[in-house]
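A.B. asks: just to be clear, the model below is a prediction. Sequence and coordinates:
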Amino acid sequence: MPVAIHATEKALFKVFSNDFAFSIPAYQRPYAWTKNQASELLTDLLSFLGDGSEAVTDANPYFLGSIVLIKSKDASKADVVDGQQRLTTLTILLAVLRSLSNEKNASKITKYIYQEGDEFEGTDDCYRLKLRERDEDFFCHYIQHDNKLDELLKLDTSQLTDSQRNIQINARYFLDKLSQLSEQERSHFIHYLMTCCFLVVVSTPDLDSAYRIFSILNARGLDLSLSDFLKSEVIGAIHPSQQDKYTRIWETEEEDLGRETFQELFAHIRMIDRKAKLSETALNEFRKHILPKKEPEKFINEVLKPYSDALEIIKTANYQSDKDAKIVNFLLQWLNQIDNVDWIPPAILYFSKNSHAPDKLKRFFTDLERLAAGLMILRADINDRIRRYGKLLTAIEGDIDLYASESPLQLTPEEINRIIKTLDGDLYLITRIRQYVLLRLDSALSEGEGTYEYPVITVEHVLPQNPSEGSIWLEWFPNDEERIQYVHRIGNLTLLSRKKNAEAQNYDFDKKKKKYFVSNTSIVPFVLTTQVLQQSEWTPAVIEQRQEDSLQSLRKIWRL
């Protein structure tokens, strides 16, 4: 059955009215607008209003964007899915205007902040905006109550939470700026703010459709994420006596991972459970298929926390153990350079099951890096990767022998042949893999001692693609067809720790070695480059030998 969705443009005097009783759900982020956003808002508003010489009705209207609400058509209660930052900031602005106004105007402004109950209409006294529980009392006392701004501004900033500090800073900013206006100018501004400033109010009674609308409308860093909605459902289903405990666990894991990676975690949890591409909204899949499998406490204890801990170690390559930690972290570092993240769900699942077995982790991650690199070299598309890793997840869950030849962790003979053919071909032309392959090769040649934390790493031809007339290159490679067979292959490629120099690329070999391949320091950072510097000439025989040696090294790395 279709869900009713309503979208209406409303002036602020209709937004802050008895039609709405805004409530910020627990899953929302804390208030996070800083002085920068508050300044941008006020500056824009005053700019659109102009110098006040014309009537408010003739001023340019100002569009404040949209807010998304979960709200029944005939009820005022409205959970704010998107828009809490604007609604909170506008309420702070109104509170400051009230504090600066005469008694008559202050009373008029109060009605936009506070709803006075009416026993005949069956309504109660309430504030028009209710922040999430952790911020509610602070906001009520210092912003929504009358005559409390002075107290707010005197509070010790170091004792405030981030959201409380933002409230204080923005209130002070508004007070400083609006104090510079006359009473008449402020009255003019309030008139403009409430009648010529508009929000598009989008409302639906259904959380899932509200989430869908929100996802379409927004792409900003402070917006809600899937994890915020799931937090509301999971924590909300726990007995009130235990909610604080599990909220702390949830928020600690989010803090440890960082918001972006924590959001990514839920995509991996979904893949571990579903083992297939997303077939509907992620929220729906969690609600239908994943959350019902475990009680909320168990979901946090047995899924969220261990998977979050595993992801943190995987992403930072910071496994701690008395045995094999160095090799496990070495492999994780390379996995993190793969050009997709589809390998991460199997990594999380296996790590969470075997975190205290370093010998198992060493063997597994050796073969996972081999598989992930192989699929990347073969340019396997997302559907092929998801199918393959889905099978691997099933194998891990079923404790199937992951090292048998038919295991999804192992490359097939056909895949191995195709990988070798790709590596033995024009590698340079495959942009997405050439640097990974060459760095992996360089690391092996340096026996794992190479470090590659340079701001820029580029792949360079030794034999140029277009050698200059009269150059030594044309003596060594007089035949164009023969030359083009060598130019893009591994044997003719090396690495630079700086941007390419288009002019230098065509230097003769000796000049190129001295001016282009030598590092600014006395130490050349790449073994591959050192190999080039050791050569007195660069002929087909040199490239062929280097090609053969490189291919043998890569075959050894990945057991091809």
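C.D. replies: Structure's in. What do you need?
A.B. asks: check contacts around the residue nearest to Leu409 when sequence neighbours are not counted.
C.D. replies: Counting by Cβ to Cβ, 6 or more residues apart in numbering, Leu409 lies nearest to Leu402, which is 4.5 Å off, once chain neighbours are set aside. Glycine gets a C-beta too; all of them are placed from N, C-alpha and C. Counting by Cβ atoms under 8 Å, 6 or more residues apart in numbering, Leu402 touches Phe364, Asp367, Leu392, Ala395, Ile396, Leu409, Gln410.
A.B. asks: can you pick the most crowded of these?
C.D. replies: Of the contacts of Leu402, Leu392 is surrounded by the most neighbours, 25 neighbours in total, counting by other Cβ atoms under 10 Å.
A.B. asks: quick one: distance of the helix or strand hosting Val200 to the chain centre.
C.D. replies: If you go by DSSP states H and E, Val200 is part of strand 197-204. Shown here is strand 197-204, whose average C-alpha point lies 27 Å from the average C-alpha point of the whole chain (Cα atoms, centre = their mean, to the nearest Å).
A.B. asks: tell me the helices and strands packed up against that strand.
C.D. replies: In this structure, strand 197-204 makes packing contacts with strand 6-11, helix 12-15, strand 62-70, helix 207-217, judged by 3 or more Cβ pairs under 8 Å, 6 or more residues apart in numbering; DSSP states H and E.
A.B. asks: quick one: contacts for the nearest residue to Val303 once chain neighbours are set aside?
C.D. replies: In this structure, Val303 finds its nearest non-sequential neighbour in Ile269, 6.3 Å apart by Cβ to Cβ, 6+ apart. Taking Cβ under 8 Å, 6+ apart as the definition of contact, the neighbours of Ile269 are Ile290, Val303, Leu304, Tyr307.
A.B. asks: how close does Ile269 get to Ile348?
C.D. replies: 8 Å (Cβ to Cβ, to the nearest Å).
A.B. asks: same thing with Val341?
C.D. replies: Noted for Val341: a distance of 11 Å to Ile348, by Cβ to Cβ.
A.B. asks: which residues do the two both contact?
C.D. replies: Counting by Cβ under 8 Å, 6+ apart, the common neighbours of Val341 and Ile348 are His268.
A.B. asks: who has more neighbours, these two?
C.D. replies: When Val341 and Ile348 are compared for neighbours, Ile348 comes out ahead with 24 against 17, by other Cβ under 10 Å.
A.B. asks: returning to that earlier point: overlap in contacts, Ile269 and Ile348.
C.D. replies: The contact sets of Ile269 and Ile348 overlap at Tyr307 (Cβ under 8 Å, 6+ apart).
A.B. asks: quick one: contacts for the residue nearest to Asp426 when sequence neighbours are not counted?
C.D. replies: In space, Asp426 comes closest to His488 once its chain neighbours are excluded; the distance is 3.8 Å by Cβ to Cβ, 6+ apart. Neighbouring residues of His488 by Cβ under 8 Å, 6+ apart: Asp426, Leu427, Tyr428, Leu429, His461.
A.B. asks: and which of those residues is nearest to Leu69?
C.D. replies: Sorting those by distance to Leu69 puts Leu429 at the head of the list, at 52.4 Å, by Cβ to Cβ.
A.B. asks: burial check on the closest one, number of neighbours?
C.D. replies: Around Leu429 there are 8 other residues, counting by other Cβ under 10 Å.
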